[in-house]
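Chemist: This is the structure alone, sequence omitted:
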């Protein structure tokens, strides 16, 4: 439930997951390893299971997998807050790898910093399950297609 003054979510957790399963099934290719943990106004938490397809040599989660998690988490937060807009796309992703993640699931928490009509900016903090220390931090910008009648 939105706090006083906050805009309510446009999609529930179940609606977001159903939309992603339908419109973005390739994200779960080879078995579901990404799951939405929670949604809130201007934010979301997504879990990425510790799985062989996300591991690099040395047994740690790969950078590309963490980038995918950051991007997916921002997309989830955006969908929940603007509704089912399939063609919202990443225009920028900047990530800092801070420490080696543990050999466990990663949790990504997105906070949307700015949500405009055409652009959204957010940050995603990623932590190994059970740890308070960030393993990576990303800042993302998304382009939102014009939803007005006759828009692009």
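Modeler: Okay, I see it. Since this is a predicted model, take the numbers as computed values, not measurements.
Chemist: my guess is residue 113 meets residue 140, correct?
Modeler: No. Using C-beta atoms under 8 Å, residue 113 is not in contact with residue 140, being 9.8 Å away. Placement of C-beta: from N, CA and C, glycine included.
Chemist: more crowded one of these two?
Modeler: Using other C-beta atoms under 10 Å as the criterion, residue 113 and residue 140 rank with residue 140 on top: 26 against 13.
Chemist: which residues does that one contact?
Modeler: When contacts are counted by C-beta atoms under 8 Å, 6 or more residues apart in numbering, residue 140 is found next to 70-71, 74, 90, 92-94, 121-124.
Chemist: so which strand or helix has it?
Modeler: With elements taken from DSSP states H and E, the one containing residue 140 is strand 134-143.
Chemist: Quick one: mean pLDDT for that strand?
Modeler: On average, the pLDDT along strand 134-143 is 98.
Chemist: number of nearby residues for the residue nearest to residue 116 when sequence neighbours are not counted?
Modeler: Excluding its sequence neighbours, the residue lying closest to residue 116 (C-beta to C-beta, 6 or more residues apart in numbering) is residue 144, at 7.7 Å. For residue 144, the neighbour count with other C-beta under 10 Å is 17.
Chemist: check contacts around residue 144.
Modeler: Taking C-beta under 8 Å, 6+ apart as the contact definition, residue 144 lies against 78, 82, 85, 88, 116-120.
Chemist: Then residue 45?
Modeler: Applying C-beta under 8 Å, 6+ apart, we find residue 45 in contact with 36-38, 73, 107-110.
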